[in-house]
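>>> need a structure here:
(chains A and B)
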2 protein chains.
Amino acid sequence: MTLPRVLLVGATGAVGQEFLRVLEMRRFPMASLRLSASRRSRGKRIRFMSQELSVEETTPDVFIDSDLVFISVSSTISQELVPIAVEAGAVVVDDSAAFRMESHVPLVVPEINAADLDDHKGITAIPNCSTTQMVMALYPIHKVNPIRRIVVDTYQSVSGTGRDAMDELEEQTRYGTGTGTPPPRVYPHQIAFNVLPQIDSFLEGGYTKEERKMVEETRKIMHAPDIAISATCVRVPVYISHSEAIHVELTQPMSPDEARKILMETPGVEVVDDPSAGIYPLALSAAGRDEVFVGRIRQDSSHPNGLAMWVVSDNLRKGAALNAVQIAEELVARKLLRSTR
Amino acid sequence: MTLPRVLLVGATGAVGQEFLRVLEMRRFPMASLRLSASRRSRGKRIRFMSQELSVEETTPDVFIDSDLVFISVSSTISQELVPIAVEAGAVVVDDSAAFRMESHVPLVVPEINAADLDDHKGITAIPNCSTTQMVMALYPIHKVNPIRRIVVDTYQSVSGTGRDAMDELEEQTRYGTGTGTPPPRVYPHQIAFNVLPQIDSFLEGGYTKEERKMVEETRKIMHAPDIAISATCVRVPVYISHSEAIHVELTQPMSPDEARKILMETPGVEVVDDPSAGIYPLALSAAGRDEVFVGRIRQDSSHPNGLAMWVVSDNLRKGAALNAVQIAEELVARKLLRSTR
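Residues are numbered from 1 along each chain as shown, chains lettered A, B, ... in the order given. Take a look at the predicted model:
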């Protein structure tokens, strides 16, 4: 077996940097690693393991001689770059929303639907960060007691938007409650000491794209086209980790203890659930961790077959880079890359 | 008609200060106003209108010769003080949870159930801040199309806890993402750049007292004992205003336009709902305002009779001081005070 030649596009972004940490920590087997980003980062040097890598500009040429390409850029740019990478013979793991819902594109959380990768046509995609942590917590329950309906409200960190948004929160925070806070550049309104009930743009019907993604991606990943889902996606002044308040209706009643037992046996999930001792998942504690943390598991008081829970995960890690690298590991194990065939 | 002699207990707290602003703005008719607080605030001087008032220590004697007493202290202290005030002949508007669920105590949001005041036995209570803004938005809908079920997840500001919590957020915020952040004193975990899925203590079954309050108080105020309700109450690093993501199931379908029309005609509610122009309720904008702001009104995609919405209000204002003063205005108008009988 030949090791894959890897290219990371968007290497200097918040997710790009997390990719480097994850590739290093998991000792992902590679023949080579190249980094690319937009023109303004050209020539920037980034440490990886014992090497120092130079960032190239993302031009069509950069895709030549790559077997595996991680792309972490905006949907608009992905739309343009992904076909070039596939044309050049690489398999792409795309981080954006550009191709996720296309029927020939596997949208994968490896713990749930790794087998969907077998039919890939060159493009694979990771879900939106808010979807990934939700399905990680819900799919194991769904398998034993099908979920009929999900109501979810999110508390999403600014790193989901990127480095600029993290800078904006930091800058606005410095002004405290005083006057003179500079006008927002990244978000439509001030994010410091505020919460914004808008992530991405609005669609017909009053939901945002982010909320629609949670609906459609969940159905696709779980192979459950009929689940009813409603989401309110909200940005909060937190740097890293998304939190989610989830209320589900199952086909049959399920005790919180049974749900806890199922989730404790689920790889990639950690149950953190001793609330009277002050123990429940927290954004700050989840940052920099691989797991999806689930707690406050309780009988939903508004429905006989209901469960409520609180789910937190690092949106850059399992919500993005880690999930993408896990997909790459599956592509290697399943001999689905050119170099491993 | 004689004007009432008024006593404000807890005058130096975050809500107490808001009481003074509201009494002034509404020119609440009083024969006199006295302020009291704990011993350490004794002698503190506070401006009110053109006067300067001296804060007294809250002892049993302070209640003598008052007709109307606003009490804004913890439940434990209310439990002790309220009976003394009633014994002294005053009517109490209590801000705490101590007496709210007692059957002889009117729990009132004047726009909804002012008539419940008529049967008072000396004690009246305002709801918890998170309940008040929710019922303000939901009751007008419930009246024309009864609500069967409510799922609500909250984004509550630290001023709901009090001045110490506001100081704690400010102090922790100064440390940014760096190290050395002092350990939390008020909350069980750091609140800056974090969200805490715990407000008040945990009960049997895994819900918190705050969440239970939203269930029981809503049923009592709306005279709707059968509504199914589930809440997750979450503290966010915001100084003032609570935000709520609400999902309701009605008896019949209702279009978002119909809901908007009903709410636009509701006194005390302001519809702020043009999301594609970036217009929706925001915590920062609601701070210092009297109204309950409702936006993002949409068909709930997970239920045929469902509506989803985003509700924001200043928790110190309509969530506390304003609602209490409105109750006092009703007590005067209905001649329910000793001085007005």
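
>>> okay, CA-based contacts and neighbour counts for the rest of this
Fine.

>>> ok, the lengthiest helix in chain A near chain B or not?
Counting residues, the longest helix in chain A under DSSP state H turns out to be helix A:129-144. No: using C-alpha under 8 Å from any C-alpha of the partner chain, helix A:129-144 never reaches chain B; the gap is at least 15.8 Å.

>>> and the angle from the very next helix or strand once past that helix to helix A:129-144?
Downstream of helix A:129-144, the first helix or strand assigned by DSSP states H and E is strand A:147-155. On the basis of axes from the mean of the first three to the mean of the last three C-alpha atoms, to 10 degrees, strand A:147-155 is oriented at 150 degrees to helix A:129-144.

>>> near chain B at all, strand A:147-155?
Yes: applying C-alpha under 8 Å from any C-alpha, one finds strand A:147-155 touching chain B at A:R149, A:I150, A:V151, A:D153, A:Y155.

>>> count of residues packed around the fourth one?
Neighbours of A:D153 under the rule other C-alpha atoms under 10 Å in any protein chain shown: 26.

>>> need the contact list for it.
When contacts are counted by C-alpha atoms under 8 Å, 6 or more residues apart in numbering or on different chains, A:D153 touches A:A231, A:T232, A:C233, A:V234, A:E244, A:A245, A:I246, B:D153, B:A245.

>>> Show me what it bridges to in the sheet.
Taking DSSP bridges as the rule, A:D153 bridges to A:T232, A:A245.

>>> Please work out how many residues are found near the residue lying closest to A:S157 once chain neighbours are set aside.
Distance criterion C-alpha to C-alpha, 6 or more residues apart in numbering or on different chains; nearest residue to A:S157, sequence neighbours excluded, is A:V238 at 4.7 Å. Burial of A:V238 is recorded as 27 neighbouring residues (other C-alpha under 10 Å).

>>> Doesn't A:V238 belong to a strand?
No: assigned with DSSP: H, G, I helix; E, B strand; the rest coil, A:V238 falls outside any strand and is coil.

>>> List the residues that contact it.
Residues in contact with A:V238 (C-alpha under 8 Å, 6+ apart) are A:Q156, A:S157, A:V158, A:A283, B:A192, B:F193, B:N194, B:V195.

>>> quick one: which of these sit in helices?
The helices, defined by DSSP H, take in A:A283 from those.

>>> The residue nearest to A:P60 when sequence neighbours are not counted: which element?
Distances taken as C-alpha to C-alpha, 6+ apart place A:I84 nearest to A:P60, at 6.6 Å, with adjacent residues excluded. Per DSSP H and E, A:I84 falls inside helix A:75-87.

>>> do you know how far A:S313 is from A:D67?
Per C-alpha to C-alpha, to the nearest Å, A:S313 is found 30 Å from A:D67.

>>> Just want to know which of the two has more residues nearby.
A:S313 (33 against 25).

>>> Domain-wise, how is chain A divided?
Annotated domains of chain A cover A:5-127+A:320-340, A:130-315 [automatic domain parsing].

>>> now those in JSON lines, with mean pLDDT?
Shown next, in JSON lines, are the domains of chain A (pLDDT from 0 to 100):
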{"stretch": "domain A:5-127+A:320-340", "mean pLDDT": "96"}
{"stretch": "domain A:130-315", "mean pLDDT": "97"}
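
>>> any chance of these in a markdown table, with distance to B:E211 too?
Formatted as a markdown table, these follow (distance: least, C-alpha to C-alpha, whole Å):
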| stretch | distance to B:E211 |
| --- | --- |
| domain A:5-127+A:320-340 | 32 |
| domain A:130-315 | 10 |
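
>>> Kindly state which of the ones you listed is positioned closest to B:S96.
With respect to B:S96, and counting by C-alpha to C-alpha, the nearest of those is domain A:130-315 at 22.4 Å.

>>> Against B:F193, how distant is the residue in the stretch 51-200 of chain A positioned nearest to chain B?
Across the stretch 51-200 of chain A, no residue is closer to chain B than A:F193, which sits at 4.2 Å (C-alpha to the nearest C-alpha). Separation of A:F193 from B:F193 (C-alpha to C-alpha) stands at 9 Å.

>>> any residues in contact with both of those two?
Common neighbours of A:F193 and B:F193, using C-alpha under 8 Å, 6+ apart, are A:P237, B:P237.

>>> Could you list the contact residues of the stretch 51-200 of chain A toward chain B?
A:149-151, A:153, A:155, A:170, A:173-174, A:176, A:188, A:192-197.

>>> Pull out the buried residues from stretch A:85-94.
For stretch A:85-94, burial by neighbour count (16 or more other C-alpha atoms under 10 Å in any protein chain shown) applies to A:A85, A:V86, A:A88, A:G89, A:A90, A:V91, A:V92, A:V93, A:D94.

>>> so which of the domains of chain A gets nearest B:L337?
Once the domains of chain A are compared by C-alpha to C-alpha, domain A:130-315 is nearest, at 39.2 Å.

>>> could I have the helix or strand harbouring A:H247 exported to CSV, CA atoms only?
Element membership for A:H247, per DSSP H and E: strand A:242-250. Presented in CSV, the C-alpha positions along strand A:242-250 are these (Å, rounded to 0.1, in the frame of the first residue of the first chain):
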residue,chain,number,x,y,z
HIS,A,242,-21.2,24.6,20.2
SER,A,243,-23.9,23.7,22.8
GLU,A,244,-27.3,22.4,22.0
ALA,A,245,-30.6,22.0,23.9
ILE,A,246,-32.3,19.0,22.3
HIS,A,247,-35.8,17.6,22.8
VAL,A,248,-36.7,14.4,20.9
GLU,A,249,-39.8,12.3,20.6
LEU,A,250,-39.2,8.6,20.2
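
>>> So what touches that strand?
A:130, A:134, A:142, A:145-157, A:282-283, A:300, A:303, A:305-315, B:151, B:153, B:195, B:232.

>>> Can you flag the buried ones in these?
Buried among the contacts of strand A:242-250 (16+ other C-alpha under 10 Å): A:130, A:134, A:142, A:146-157, A:282-283, A:300, A:303, A:305-315, B:151, B:153, B:195, B:232.

>>> burial count for A:P267?
Using other C-alpha under 10 Å, A:P267 has 11 neighbouring residues.

>>> For the closest residue to it other than its chain neighbours, which residues are in contact?
Leaving aside its chain neighbours, A:P267 sits nearest to A:E111 (7.4 Å; criterion: C-alpha to C-alpha, 6+ apart). Contact analysis of A:E111 by C-alpha under 8 Å, 6+ apart lists A:M136, A:P267, A:G268.

>>> From A:T179, how far off is the second one?
Same thing as A:P267. Counting by C-alpha to C-alpha, the gap from A:P267 to A:T179 is 48 Å.

>>> C-alpha coordinates for stretch A:312-328, CSV please?
Only the C-alpha atoms of stretch A:312-328 are listed here, as CSV (Å, rounded to 0.1, in the frame of the first residue of the first chain):
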residue,chain,number,x,y,z
VAL,A,312,-21.6,20.1,23.6
SER,A,313,-18.7,19.6,21.3
ASP,A,314,-15.7,21.4,19.9
ASN,A,315,-17.0,22.7,16.6
LEU,A,316,-13.5,22.9,15.1
ARG,A,317,-12.6,19.4,16.2
LYS,A,318,-15.4,16.8,15.8
GLY,A,319,-17.5,19.5,14.2
ALA,A,320,-14.9,19.9,11.4
ALA,A,321,-11.2,18.8,11.2
LEU,A,322,-11.5,15.6,13.3
ASN,A,323,-14.6,14.3,11.4
ALA,A,324,-12.8,15.0,8.1
VAL,A,325,-9.7,13.2,9.1
GLN,A,326,-11.8,10.3,10.4
ILE,A,327,-13.4,10.1,6.9
ALA,A,328,-9.9,10.1,5.4
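
>>> Could you show which parts of the stretch 201-341 of chain A are in contact with chain B?
Contact residues (C-alpha under 8 Å from any C-alpha) of the stretch 201-341 of chain A with chain B: A:201-202, A:205-207, A:228-230, A:232, A:236-239, A:243, A:245, A:247, A:275-276, A:278, A:280, A:282-284, A:296-303, A:310.
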